[in-house]
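*Asks:* My questions concern the predicted model and sequence given below.
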Amino acid sequence: MKHGQLETNLVYKIPCSDYNLCYVGESLQYLSSRVDQHKSDEKKHKKDLAKSIIGGTALAQHVRDYQHSFNFSQIKILAKEDNTKKTKIPQNY
């Protein structure tokens, strides 16, 4: 397991593989679980582009709108917070 994957209460970033953008998110759950959810969203949105799936994270919307991929092997933890109220940030890329 990579460093940080079993940590919680994190702010993290995932770079876009196709453009100089990063998704920044926060998770109260294990980072590995959240990343698995992002990978599933990315796969679902790539597979069902024609269905115009509504909703999802900003990462999923970016995949749907631009058909880009994210580099999940380059995730960086930006912050770890014991106080979960402080980790709340808007999802963005």
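*Replies:* Ah, there it is.
*Asks:* can you tell me which helix or strand residue 15 belongs to?
*Replies:* strand 10-15 (DSSP states H and E).
*Asks:* can you give me the mean pLDDT across that strand?
*Replies:* For strand 10-15, the mean per-residue pLDDT is 94.
*Asks:* how many other residues sit next to residue 70?
*Replies:* Using other Cβ atoms under 10 Å, residue 70 has 25 other residues around it. For every residue, glycine as well, the C-beta is placed using N, CA and C.
*Asks:* In contact with it, which residues?
*Replies:* Applying Cβ atoms under 8 Å, 6 or more residues apart in numbering to residue 70 gives the contacts 14, 15, 16, 17, 23, 38, 42, 59, 63.
*Asks:* Kindly list the single helix or strand of the chain that scores lowest on mean pLDDT.
*Replies:* In the chain, the helix or strand scored least confidently by mean pLDDT, DSSP states H and E is helix 58-66, which has a mean of 83.
*Asks:* I would like the residues contacting the helix or strand following that helix, please.
*Replies:* Remark: after helix 58-66, the chain's next helix or strand is strand 76-80, criterion DSSP H and E. Applying Cβ under 8 Å, 6+ apart, the contact partners of strand 76-80 are 4, 7, 9, 10, 11, 12, 13, 24, 31, 87.
*Asks:* who wins for most neighbours among these?
*Replies:* residue 31 (23 neighbours).
*Asks:* Give me the pLDDT value at that one.
*Replies:* 94.
*Asks:* what about stretch 8-27, start to end distance?
*Replies:* Start and end residues of stretch 8-27 are separated by 7 Å (Cα to Cα, to the nearest Å).
*Asks:* What are the buried residues along it?
*Replies:* By 16 or more other Cβ atoms under 10 Å, the buried positions in stretch 8-27 come out as 8-16, 21-27.
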